[in-house]
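Trainee: model the structure of this input:
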Amino acid sequence: MPEHFYFRLIHSDIDKRMIQCRALHIMACIMMLIYSLQFFNDFFNNWIQLLTILPPALLVMSMALFKRKLVTEVNNNRIFRILESGILLMACMGYLKTNQFFPAFLFGLLALFLMYILFVENRLFTHQFIDITKAGVSIA
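Mentor: Alright, predicted model coming up:
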């Protein structure tokens, strides 16, 4: 008789979580696009900021809309969340530099929220197993 069993833990609401993951990627990209709009006023002096914010925002948004499985893969999701929260934190610092406190608070709070969501999604989307041995039951 086998002495070691393991079962893969499957969450019942994983499809809903995948849709929420994609929706949060789209929301973060919309906020990055809103931040990049201010650089269009003086394009010749701010073209490098526009070049560093606009292509990643459009790339992540297009992947969230058209390549659904690619965005919800654990490693890709982690990279996109870190990229989004970094750009939103940069937007927070940019607004703080110009003494615009409400947008700075909004973008900073959103960046912290995305870092928390990164932690939650990392735990949710990685495969978890229930190990049953003679020593006891453990979740790995």
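Trainee: flag every buried residue along the helix or strand of the chain with the lowest mean pLDDT.
Mentor: When the helices and strands of the chain are scored by mean pLDDT, DSSP states H and E, strand 5-9 comes last with a mean of 73. The neighbour-count check on strand 5-9 (16 or more other C-beta atoms under 10 Å) flags nothing as buried. Quick note: C-beta positions are derived from backbone N, CA and C, even for glycine.
Trainee: give me the helices and strands touching the next helix or strand after that strand, please.
Mentor: Per DSSP states H and E, the first helix or strand lying C-terminal to strand 5-9 is helix 14-36. For helix 14-36, the packing partners by 3 or more C-beta pairs under 8 Å, 6 or more residues apart in numbering; DSSP states H and E come out as helix 43-66, helix 68-71, helix 74-97, helix 101-125.
Trainee: tell me which other helices or strands the shortest one touches.
Mentor: Going back to what we said before, that points to helix 68-71. helix 14-36, helix 43-66, helix 74-97.
Trainee: which other residues reach it?
Mentor: 18, 21, 22, 25, 60, 63, 64, 76, 77, 80 (C-beta atoms under 8 Å, 6 or more residues apart in numbering).
Trainee: and stretch 57-71, how far out from the chain middle?
Mentor: Here stretch 57-71 is found 12 Å from its chain centre; the criterion is C-alpha atoms, centre = their mean, to the nearest Å.
Trainee: surely residue 95 meets residue 104?
Mentor: Yes - counting by C-beta atoms under 8 Å, residue 95 touches residue 104, with 3.8 Å between them.
Trainee: ok, residue 76 to residue 67 distance?
Mentor: Going from residue 76 to residue 67 by C-beta to C-beta, to the nearest Å gives 9 Å.
Trainee: fine by me, thanks again.
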